[in-house]
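Trainee: Take a look and give me a structure for this.
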Amino acid sequence: MRFTILSFAALASSVTAVGNAIVKNNSTSTFYLWSVGSSVGPRQAIAPGGTYTEALHHDATTGGIAIKITKTNDGLYTGAPTQVFSYSLDGAQVWYDLSTVFGEPFNGQRITVASATGGTIDWPQGKNPGGSQVKVASSDGNVVFTAFKAG
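Mentor: Numbers count the residues shown, from 1 in each chain. Predicted structure coming up:
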């Protein structure tokens, strides 16, 4: 029994807390997202005021996760403008970034990605203001993508 307790204590001390990837919809219309690594997760509809949360995790095949966001129901499969909030969990750190493909679905709307322990990515007009904006934070905190109302 003593060995079991010591082994459990050693295992518990080796596990580190992991934060979440969160997507907040503070805009006025529903958008859709898919969490993509080596496979595509189910479509999530995020209504105004809604959120999506997943535990930060590592994909052994791709190395990272891309949360792909469109404003159309089937946008991932139709070539609709897609916002990509990507992250890569690397032990005690998480690296995160924003990019787009096929256009800018949040053009004219502010979008951000922020972490309490890392830098903020801010696209005031919903499009890349220029340059690489890769940020890094402690993996025990949350990384939050927020889409704001146009204006």
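Trainee: So, low pLDDT: which residues of the chain?
Mentor: 1-16 (pLDDT under 70).
Trainee: mind running it again at 80?
Mentor: 1-17, 151 (pLDDT under 80).
Trainee: the helices in the protein, which residues?
Mentor: 2-14, 75-78 (DSSP state H).
Trainee: which helices and strands does the last one pack with?
Mentor: Packing partners of helix 75-78 (3 or more Cβ pairs under 8 Å, 6 or more residues apart in numbering; DSSP states H and E): strand 31-36. Every C-beta, even on glycine, is put in place using the N, C-alpha and C of the backbone.
Trainee: List the contacts of the strand it packs on.
Mentor: For strand 31-36, the surrounding residues in contact (Cβ atoms under 8 Å, 6 or more residues apart in numbering) are 23, 25, 40-46, 52, 54, 65-73, 75-76, 105, 147.
Trainee: try it again with 7 Å
Mentor: 23, 25, 40-41, 43-46, 52, 54, 65-71, 73, 75-76, 147 (Cβ atoms under 7 Å, 6 or more residues apart in numbering).
Trainee: Give me the distance from that strand to the chain's centre.
Mentor: With Cα atoms, centre = their mean, to the nearest Å as the basis, strand 31-36 stands 10 Å off its chain's centre.
Trainee: What residues of that strand count as buried?
Mentor: 31-36 (16 or more other Cβ atoms under 10 Å).
Trainee: do stretch 141-151 as well
Mentor: 141-148.
Trainee: just those residues now: which is nearest Ala114?
Mentor: Checking the buried residues of stretch 141-151 against Ala114 by Cβ to Cβ gives Val144 as the nearest, at 5.5 Å.
Trainee: Fine by me, thanks again.
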